[in-house]
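Peer 1: kindly generate the corresponding structure for this input.
(2 chains)
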Protein chains: 2
Amino acid sequence: MTYCVAMRLRAGLLFASDTRTNAGIDHIASFRKMHQFQIPHQREIVVLTAGNLATTQSVISLLNQRLQGEGDHLLKVPTLYDAAVLLGRTVREVIERDTDPHDRRSSVDFGANFLIGGQIKGEGPRLFHVYPQGNFIEATEDTPYFQIGESKYGKPIIDRVVNYETTPLDEAAKCTLVSFDSTIRSNLSVGLPIDMLMLRANQFEMAMKPPHRIGRDDPYFLALRNGWSAGLRKVFDDLPNEPWFDA
Amino acid sequence: MTYCVAMRLRAGLLFASDTRTNAGIDHIASFRKMHQFQIPHQREIVVLTAGNLATTQSVISLLNQRLQGEGDHLLKVPTLYDAAVLLGRTVREVIERDTDPHDRRSSVDFGANFLIGGQIKGEGPRLFHVYPQGNFIEATEDTPYFQIGESKYGKPIIDRVVNYETTPLDEAAKCTLVSFDSTIRSNLSVGLPIDMLMLRANQFEMAMKPPHRIGRDDPYFLALRNGWSAGLRKVFDDLPNEPWFDA
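Peer 2: As a prediction, the model looks like this:
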């Protein structure tokens, strides 16, 4: 599996992804799921991937390969909406190419989900979730974040904390790491290291700021993990026992 | 959907179930998912159900109807293991009866999951998870609890808190209600009221202790929900921000 989160807040964008892939519990590997496309000071686009690794790698390869060509590509499209359309078209192209229409018995799922976000000069930061079918939805002020992959364990803390207007990026990063901690604890197929990237609105500084990689021994992540665990336990212990139980 | 939890601890057994069923988001109803079978001072058996409502209702109806008959039934089987075998056989019987083997296009899922636990005089408390296929697993000291239905949102707090040897029943009940709160917040198809039943080991007092029903206005549940929410938020706010982000 996989866990990726992206948020679009008033303060800017935040992207995070784990690096574990698996084909069965006995076949685990590490792959980067965060991909960057940029023209310094002009546009910065980040793509996060989840799902069939052959599909996601092919999509990213085609997006990169076409940066040199005549047709549409991510460094040329005029808006992030057009970038999402282009990504969706590429997803459909790869899945159609790899699916044998006559093989009805195959149980292989070629599907993949993508988050694409960033900023192109001339418009504000935007964020999209592109489905395996190639269609997509855009993050709004009401729902400022998307998750792909194993989304359930890490969702409650984001719902409790993140607000489009008021959450600063450093708090969003902290929340995202707590969300990853919950997910990693409960789903073995999500694993460290975590790649994380923050893009402040209207700064176009991605070129100067590569993704931060958070590994097993990262002291901040360890402190967060231990502090969260001990804090939860304390809150739990401080809550009253139910009065209707005669012990 | 549904959310049911059962735990087998040294102190005894705890069962909890929500009451919401749905056939699509526009078709929601309330059904009890906790069912009791007992001979005072001799045996107490509790069954929790999740899955296709036609299947679970039929299984419970047959289990009840057969209490009067000549064959095996839940008030006669010598051990809880045999109760699980009987339940599994009844599940298979209902699913086979209701499935048309010639209809390959039907996408209806007749499947259902069951938790069955309790105590029969002569052996200790036991707890089983019976699958739609009729086979089953038993809770152990390493894994003292089972969930059926929407299990993910409410699992982390149980993993953090519950221990077979050391968790008393009142703490298990508190933990279970926090687990329900997380689940109800995140999955609309799980809903109040909650039915909860605790059976202390070797007491055989179920006849005197009907399930406790926790509704929307239950003051203890409200206090727990608010205290947990405020406590989590405070723990989160007290955690440090990540040092590698230059804000």
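Peer 1: wait, a helix at residue A:91?
Peer 2: Yes: when DSSP: H, G, I helix; E, B strand; the rest coil is applied, residue A:91 is found to be in a helix.
Peer 1: how near is it to chain B?
Peer 2: Note on residue A:91: its distance to chain B, by C-beta to the nearest C-beta, to the nearest Å, is 25 Å. From N, CA and C alone the C-beta is placed, and that goes for glycine too.
Peer 1: repeat for residue A:211
Peer 2: 11 Å.
Peer 1: that residue touches residue A:193, doesn't it?
Peer 2: No: using C-beta atoms under 8 Å, residue A:211 is not in contact with residue A:193, being 10.2 Å away.
Peer 1: and the helices in chain A?
Peer 2: A:53-65, A:80-98, A:155-161, A:169-186, A:219-238 (DSSP state H).
Peer 1: any chance of the ones you listed in a markdown table, plus distance to residue A:129?
Peer 2: Converted to a markdown table, the helices of chain A look like this (distance: least, C-beta to C-beta, whole Å):
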| stretch | distance to residue A:129 |
| --- | --- |
| helix A:53-65 | 14 |
| helix A:80-98 | 9 |
| helix A:155-161 | 14 |
| helix A:169-186 | 16 |
| helix A:219-238 | 26 |
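Peer 1: residue A:216 contacts residue A:194, correct?
Peer 2: No: Residue A:216 is not in contact with residue A:194 according to C-beta under 8 Å; the separation is 10.3 Å.
Peer 1: re earlier: deepest of the helices of chain A, which one?
Peer 2: helix A:169-186 (a mean of 23; mean count of other C-beta atoms under 10 Å in any protein chain shown).
Peer 1: check which helices and strands that one sits against.
Peer 2: In terms of contacts (3 or more C-beta pairs under 8 Å, 6 or more residues apart in numbering or on different chains; DSSP states H and E), helix A:169-186 is packed against strand A:3-9, strand A:12-17, helix A:155-161, strand A:194-200, helix A:219-238, helix B:155-161, helix B:219-238.
Peer 1: ok, now with 7 Å
Peer 2: Here helix A:169-186 touches strand A:3-9, strand A:12-17, helix A:155-161, strand A:194-200, helix A:219-238, helix B:155-161, going by 3 or more C-beta pairs under 7 Å, 6 or more residues apart in numbering or on different chains; DSSP states H and E.
Peer 1: okay if I get these as JSON lines plus mean pLDDT and distance to residue B:128?
Peer 2: Formatted as JSON lines, the helices and strands packed on helix A:169-186 follow (pLDDT from 0 to 100; distance: least, C-beta to C-beta, whole Å):
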{"stretch": "strand A:3-9", "mean pLDDT": "98", "distance to residue B:128": "32"}
{"stretch": "strand A:12-17", "mean pLDDT": "97", "distance to residue B:128": "39"}
{"stretch": "helix A:155-161", "mean pLDDT": "93", "distance to residue B:128": "29"}
{"stretch": "strand A:194-200", "mean pLDDT": "95", "distance to residue B:128": "38"}
{"stretch": "helix A:219-238", "mean pLDDT": "96", "distance to residue B:128": "28"}
{"stretch": "helix B:155-161", "mean pLDDT": "93", "distance to residue B:128": "18"}
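Peer 1: out of the ones you listed, which gets nearest to residue B:89?
Peer 2: For residue B:89, the closest of the helices and strands packed on helix A:169-186 is helix B:155-161, at 29.4 Å, according to C-beta to C-beta.
Peer 1: list of residues touching the closest one?
Peer 2: The contact list for helix B:155-161 (C-beta atoms under 7 Å, 6 or more residues apart in numbering or on different chains) reads A:153, A:182, A:185-186, A:229, A:232-233, A:236, B:145, B:147, B:167, B:175, B:178-179, B:182.
Peer 1: low-confidence ranges in chain A?
Peer 2: For chain A, the stretches with pLDDT under 70 are A:104-105, A:207-208, A:244-247.
Peer 1: so which residues on it come close to chain B?
Peer 2: Within chain A, the positions near chain B by C-beta under 7 Å from any C-beta of the partner chain are A:152-153, A:155-156, A:160-161, A:169-171, A:173-174, A:178, A:182, A:185-186, A:198, A:212, A:220, A:223-224, A:227-229, A:231-233, A:235-236, A:238-245, A:247.
Peer 1: one more pass at 6 Å, please.
Peer 2: For chain A, the residues in contact with chain B (C-beta under 6 Å from any C-beta of the partner chain) are A:152-153, A:155-156, A:170, A:173-174, A:182, A:186, A:212, A:220, A:224, A:227, A:231, A:235, A:239, A:241-245, A:247.
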